[in-house]
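**Student:** 3D model of this:
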Amino acid sequence: MAGADVLERKVIHAGKVFIKAGEENNRAYVIQQGKVSAFIVKEGEKIEVAEYGPGTIIGEVCLVLDDPIKMSFEAIVSTTVVTITRQDFEKKMNRVDKTVKTIFNQVISKLFERDSVLIGQAGEDAKIDDDAVQLVQALISNLPPDKKFQYEKAILPHLNGLIKEIKGLKKTKRHQDQGNAVEEKVAEVKGK
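**Tutor:** A predicted model of the protein is given here:
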């Protein structure tokens with residue numbers, strides 16, 4: 001087709017960070033194949049916010065807003081993407097009705113705010129549980145002082161994740177038990 005818009009397609013290799021938080025970015029990516037991790041770095045620790053797969057668009061707020069992007073994005077496996085530049089996007093938007101543009105801009109603003117919520121939640125999820133700290137301290141209490149820090153740093157993240165999973169399972173089980181109790185009570189009342 002003469003004059004058809006052709007978008008760039010490329011492969012991003014596993015481990016490659018291709019969008020960095022805090023930097024201005026003027027392109028978005030449509031994931032065709034592969035998987036991408038969105039993450040932040042807080043106090044030197046990499047915290048995953050979300051994972052995205054085929055069909056997902058990432059960096060879309062950069063096509064409309066001039067604010068620096070809030071998260072970094074890294075290919076988890078070799079990932080094929082289609083790149084949409086701001087210039088390509090603006091050409092397409094110039095063909096769209098003004099009402100649709102207004103609605104679209106509002107949606108993008110809400111997505112930008114949603115990213116802040118996701119980042120905040122990821123930061124909360126990454127916090128160290130007090131039970132994990134106490135258990136690690138008990139485990140390393142007999143080690144020489146020069147080894148304690150090294151072992152704590154190695155063990156704590158794993159134990160923290162395990163304790164959070166166990167607490168999550170307990171919470172889920174408690175909700176299931178409560179649901180079952182309600183169902184039993186309803187059946188009992190209906191049976192009378």
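**Student:** Spatially central residue for the chain, please.
**Tutor:** residue 50 (1.9 Å; CA atoms, centre = their mean).
**Student:** pretty sure it belongs to a strand, no?
**Tutor:** Yes: membership of residue 50 in a strand is supported by DSSP: H, G, I helix; E, B strand; the rest coil.
**Student:** So for it, what's the pLDDT?
**Tutor:** Looking at residue 50, its pLDDT is 89.
**Student:** Can you give the domain ranges for this structure?
**Tutor:** Domain ranges of the chain: 8-125, 130-191, per automatic domain parsing.
**Student:** Select from the ones you listed the stretch with the lowest mean pLDDT.
**Tutor:** Set side by side, these give their lowest mean pLDDT on domain 130-191, at a mean of 77.
**Student:** from the chain's centre, how far out does that one sit?
**Tutor:** When C-alpha coordinates are averaged (CA atoms, centre = their mean, to the nearest Å), domain 130-191 and its chain have centres 23 Å apart.
**Student:** for the domains of the chain, which one ends up most surrounded?
**Tutor:** Each of the domains of the chain was given a mean neighbour count from mean count of other CB atoms under 10 Å, and the largest, a mean of 15, is that of domain 8-125. C-beta here means a position set from N, CA and C on the backbone, and glycine is covered the same way.
**Student:** show me what contacts the nearest residue to residue 137 once chain neighbours are set aside?
**Tutor:** In space, and not counting its chain neighbours, residue 137 is closest to residue 152: 7.6 Å by CB to CB, 6 or more residues apart in numbering. Neighbouring residues of residue 152 by CB atoms under 8 Å, 6 or more residues apart in numbering: 136-137, 140.
**Student:** let's go with 10 Å and repeat that
**Tutor:** 133, 136-137, 139-140, 143, 159 (CB atoms under 10 Å, 6 or more residues apart in numbering).
**Student:** Over to residue 84?
**Tutor:** Residue 84 touches 5, 7-8, 26-30, 57, 59-60, 62-63, 92, counting by CB under 10 Å, 6+ apart.
**Student:** For it, what are phi and psi?
**Tutor:** Per-residue torsions, residue 84: phi -120, psi 110 (degrees, to the nearest 10).
**Student:** tell me the contacts of residue 66?
**Tutor:** 24, 26, 86.
**Student:** Distance of the last one relative to residue 92?
**Tutor:** When you say that, I think you mean residue 86. Distance of residue 86 to residue 92, computed by CB to CB, to the nearest Å: 11 Å.
**Student:** which residues do the two both contact?
**Tutor:** residue 63.
**Student:** does the closest residue to residue 64 other than its chain neighbours belong to a helix or a strand, and which?
**Tutor:** Among residues not flanking residue 64 along the chain, residue 108 sits closest, at 4.6 Å (CB to CB, 6+ apart). Assigned by DSSP states H and E, residue 108 falls within helix 98-126.
**Student:** ok, and what's touching the very next helix or strand once past that helix?
**Tutor:** Tracing the chain past helix 98-126, the next element assigned as helix or strand by DSSP H and E is helix 130-140. With contact meaning CB under 10 Å, 6+ apart, helix 130-140 is reached by 128-129, 147-164, 166-167.
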